[in-house]
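Chemist: Take a look and give me a structure for this.
(one chain, ligands or ions: 4)
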Amino acid sequence: MAKINFGGVEETVVTRDEYPLAKAQETLKDEVIAVIGYGVQGPGQALNMRDNGFKVIVGQRKDSASWEKAKQDGFVEGETLFSIEEAVERGTIICNLLSDAGQIAVWPTIKERLKPGNTLYFSHGFGITFKEQTNIVPPADVDVILVAPKGSGTSLRRLFLAGSGLNSSFAVFQDATGKAYEKAIAMGIGVGSGYLFETDFKKEVYSDLTGERGVLMGALAGIIEAQYQVLRQRGHSPSEAFNETVEELTQSLVPLVGENGMDWMFSNCSVTAQRGALDWKGKFREATLPVLNELYDSVASGQEAARTIQRGSTPGYRAELEAELAEVRESELWQTGATVRKLRSGR
Ligand SMILES: NC(=O)c1ccc[n+]([C@@H]2O[C@H](COP(=O)([O-])OP(=O)(O)OC[C@H]3O[C@@H](n4cnc5c(N)ncnc54)[C@H](O)[C@@H]3O)[C@@H](O)[C@H]2O)c1
Ligand SMILES: CC(C)(O)[C@@H](O)C(=O)O
Ligand SMILES: [Mg+2]
Ligand SMILES: [Mg+2]
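Modeler: Ligands and ions are numbered 1, 2, ... in the order given. Presented below is the predicted three-dimensional model:
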């Protein structure tokens with residue numbers, strides 16, 4: 001295991017050099033990996049593992065869009081595509097990649113089919129950590145592991161096809177066989193991770209829920225809406241407000257941050273911009289700190305989990321969610337975005 005220094009703090013990281021694919025294949029050579037759920041993470045992981053030479057089957061509700069998608073992706077009914085019940089029966093590593101709310105409903109179905117020595121695999125610490133709400137308490141005779149890719153299943157697949165990998169967290173919650181740690185690492189390599197960072201289930205779910213509600217998605221969407229609104233209310237055109245809020249962010253500046261850090265992005269902008277950004281970043285930090293602490297408290301108290309479960313288990317919720325997304329899509333801001341994106345093809 002490589003020890004890597006992150007800004008002065010040493011952490012343990014698994015790299016593909018020290019744990020190559022051939023080793024992962026050897027570790028999992030006798031395993032049948034049942035991917036339960038074929039939404040976003042399911043296809044990314046199942047296809048990467050299949051391409052990596054593992055024995056992969058998919059378990060999904062029949063007559064659903066995801067069932068059809070699995071067929072289109074080459075999984076064959078009765079050979080590699082089964083009902084959830086049958087896939088759990090056939091699998092030795094059961095990858096629970098249903099939605100976090102769906103995992104609660106399906107848990108009794110999975111639990112009663114687990115056999116001693118099986119491995120229960122998650123890509124989120126949600127179900128295990130919030131067990132008072134989910135009732136997901138695995139039997140003592142199965143391994144319980146986690147590999148959580150730090151990004152969308154779509155990116156996991158795209159980066160795999162491009163020959164690189166997405167970073168993932170990994171953890172062991174329960175080691176019944178003495179091989180759980182090895183299996184977690186091998187699964188992490190198998191699903192197409194670039195580097196594997198060790199964590200535990202609770203830390204994974206606390207950081208993940210905070211990140212997606214915060215900077216990665218919620219805060220990003222909120223601050224974009226706020227700046228666009230200010231510019232529009234002060235008389236700027238939609239295209240000017242959008243270009244100055246989103247297009248430049250995604251097309252020019254964030255890629256520079258990704259390449260070489262915040263200071264490098266700053267140093268590739270004018271001294272005028274640098275002065276202003278350095279003066280204002282502290283104000284934004286102080287303004288958002290209370291909100292981020294409120295968010296973390298809400299995650300740690302289980303309130304975010306409760307809301308996810310309550311909304312996610314309401315009949316018709318997917319349609320409600322789609323209506324909320326449509327409202328975002330149809331807003332002036334994102335309609336302007338759609339038009340601006342079309343202009344990119346003229347490059
Ligand atoms: N979406 C991502 O890219 C991503 C990234 C990292 C981790 N994760 C984690 O991976 C897991 C899967 O997430 P996802 O976003 O792919 O899920 P999803 O919302 O796309 O749902 C996955 C599948 O669950 C099925 N499902 C939902 N409720 C069900 C029920 N009651 N009975 C039977 N099937 C049901 C759906 O048909 C769908 O095919 C979650 O734990 C999530 O937190 C997701
Ligand atoms: C892709 C994300 C946001 O990182 C994941 O955590 C999810 O829940 O989909
Ligand atoms: Mg998440
Ligand atoms: Mg995440």
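Chemist: From here on, just use CA atoms for contacts and neighbour counts.
Modeler: OK.
Chemist: need the residues of this structure near ligand 4, please.
Modeler: Residues of the chain lying close to ligand 4 by CA under 5 Å from the ion are 150, 208.
Chemist: Report the rounded mean pLDDT for stretch 298-313.
Modeler: Stretch 298-313 carries an average pLDDT of 97.
Chemist: CA atoms only for that stretch, dumped as CSV, please.
Modeler: Extracted in CSV, the C-alpha atoms of stretch 298-313 (Å, rounded to 0.1, in the frame of the first residue of the first chain):
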residue,chain,number,x,y,z
SER,A,298,-28.1,17.9,9.0
VAL,A,299,-26.1,15.0,7.5
ALA,A,300,-24.7,13.8,10.8
SER,A,301,-28.0,14.0,12.6
GLY,A,302,-29.6,11.7,10.0
GLN,A,303,-32.0,14.4,8.8
GLU,A,304,-30.7,14.3,5.2
ALA,A,305,-31.0,10.5,5.2
ALA,A,306,-34.5,10.8,6.5
ARG,A,307,-35.5,13.2,3.8
THR,A,308,-33.9,11.1,1.1
ILE,A,309,-35.7,8.0,2.3
GLN,A,310,-39.1,9.8,2.9
ARG,A,311,-39.1,11.4,-0.6
GLY,A,312,-37.5,8.4,-2.3
SER,A,313,-40.1,6.0,-1.1
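Chemist: hmm, that stretch in reach of ligand 1?
Modeler: No. Using CA under 6 Å from any ligand atom, stretch 298-313 stays clear of ligand 1, coming no nearer than 7.7 Å.
Chemist: Quick check: buried residues in that stretch?
Modeler: 298-300, 302, 304-306, 309, 311-313 (16 or more other CA atoms under 10 Å).
Chemist: which ones are touching Glu198?
Modeler: 12-13, 169-171 (CA atoms under 8 Å, 6 or more residues apart in numbering).
Chemist: Who are the packing partners of the longest helix along the chain?
Modeler: Taking DSSP state H as the criterion, the chain has its longest helix at helix 271-300. Applying 3 or more CA pairs under 8 Å, 6 or more residues apart in numbering; DSSP states H and E, one finds that helix 271-300 contacts helix 201-213, helix 262-267.
Chemist: For ligand 1, which of those helices is the nearest?
Modeler: helix 201-213 (8.5 Å; CA to the nearest ligand atom).
Chemist: just the angle between the helix or strand following the closest one and helix 271-300, please?
Modeler: Counting by DSSP states H and E, the element after helix 201-213 in chain order, helix or strand, is helix 218-233. With axes from the mean of the first three to the mean of the last three CA atoms, to 10 degrees as the basis, helix 218-233 and helix 271-300 are set at 130 degrees to each other.
Chemist: tell me how far the helix or strand just after helix 218-233 is from the chain's mean position?
Modeler: From helix 218-233 onward toward the C-terminus, using DSSP H and E, the following helix or strand is helix 238-242. Counting by CA atoms, centre = their mean, to the nearest Å, helix 238-242 is centred 31 Å from the centre of its parent chain.
Chemist: which residues are in contact with helix 238-242?
Modeler: Contacts for helix 238-242 (CA under 8 Å, 6+ apart): 228, 231-232, 332-333, 336-337, 340.
Chemist: Helix or strand next in line after that helix, which one?
Modeler: Following helix 238-242 in sequence, per DSSP H and E, is helix 248.
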